[in-house]
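J.: Quick one, structure for this:
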Amino acid sequence: KKGSFEIRPGMKAKIYGRENNKDLLFILGWGGRVDNHNLMWLVDVTTGAGFRTHAVELPTAIRDFQTEYLSPVREYQGTLGEHVVLANSMGGLVAAYLNAQRKTVYLSPWWGIFGDKLRRTTLRLVSKIGLGIPFLPIDFSREEIGELTVDSDWELVPKRATPVWLREIMKAQRNMPPLQENSVVFCSLKDTVISLKAIGERTSHVILYDGYHELFSSPNREVYREDLVNALLG
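T.: Next up, the predicted model:
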């Protein structure tokens, strides 16, 4: 293990695994940190499968998706050798814009907003405000993240978002390029954070798991270890 380091202000990375292993770019979700408690299970899975895992955090407040999310991740990706991409939640939205030739495995990608949680008309109106002040309360609970979510991880999730961030996310969701042909999506039918409809509209290469938003925060995660490794190596 190495210590975390900044790619850009507000965007950290941390590398796990042996230097001579094949690289894996792991893009975290919104509010995720490179040393989250449950994330270590996923790091154990990937390094145990022979990968050198590059975990990358995303800022929780941005004004431009391209310059503050996509470009820094692309630049870091350019420093890696032959690699695969693993992306969770918000990271899945960023990964959808990366090189289509790379093997990509998505964990509950945030390609659309869960309709019963946030009304689209209200969202569009609020997103047009363009303010960088975090006053929009998040609309999901700790339990909806996963049953194994610990206090320390939940405390790091911002409890409010900025309208300009929401505007950029909704725009990125609307303008997503075609999905990589060799992609695989893991998701749960119980997920109430993301839109399952948005996943179904983009791909049929789906592996369902029993849990909530985060596979690695599910009590049943060990059941899916082999499936996850096979998806990354396949």
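J.: For the protein, give me the ranges with low pLDDT.
T.: Applying pLDDT under 70 to the chain flags the ranges 1-2, 115-137.
J.: can you give me the helices in it?
T.: Along the chain, the stretches classed as helices by DSSP state H are 39-48, 65, 71-77, 90-95, 120-127, 142-145, 151-156, 163-174, 196-200, 225-233.
J.: With distance to residue 216 and mean neighbour count as extra columns, can I get those helices in TSV?
T.: Where you see a C-beta, it was placed from the backbone N, CA and C, and this is true even at glycine. Compiled in TSV, those are given as follows (distance: least, Cβ to Cβ, whole Å; neighbours: other Cβ atoms under 10 Å):
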stretch	distance to residue 216	mean neighbour count
helix 39-48	4	19
helix 65	25	21
helix 71-77	20	17
helix 90-95	13	26
helix 120-127	28	13
helix 142-145	10	17
helix 151-156	10	13
helix 163-174	22	18
helix 196-200	18	17
helix 225-233	9	16
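J.: And those: which comes nearest residue 114?
T.: helix 196-200 (8.1 Å; Cβ to Cβ).
J.: Not counting its neighbours along the chain, what's nearest residue 60?
T.: Of all residues not flanking residue 60 in the chain, residue 158 sits nearest, at 4.8 Å (Cβ to Cβ, 6 or more residues apart in numbering).
J.: From residue 211, how far out is the one you found?
T.: Counting by Cβ to Cβ, to the nearest Å, the gap from residue 158 to residue 211 is 22 Å.
J.: same deal with residue 34?
T.: Going from residue 34 to residue 211 by Cβ to Cβ gives 22 Å.
J.: and those two? which has more neighbours close in?
T.: residue 211 (26 against 21; other Cβ atoms under 10 Å).
J.: That one - nearest residue in space that isn't next to it in sequence?
T.: Of all residues not flanking residue 211 in the chain, residue 218 sits nearest, at 2.8 Å (Cβ to Cβ, 6+ apart).
J.: Does the one you found touch residue 210 like I think?
T.: Yes - under the criterion of Cβ atoms under 8 Å, residue 218 makes contact with residue 210 at 6.7 Å.
J.: can you count the residues close to the nearest residue to residue 47 once chain neighbours are set aside?
T.: Nearest residue to residue 47, sequence neighbours excluded (Cβ to Cβ, 6+ apart): residue 17, at 4.1 Å. A count of nearby residues for residue 17, using other Cβ under 10 Å, gives 21.
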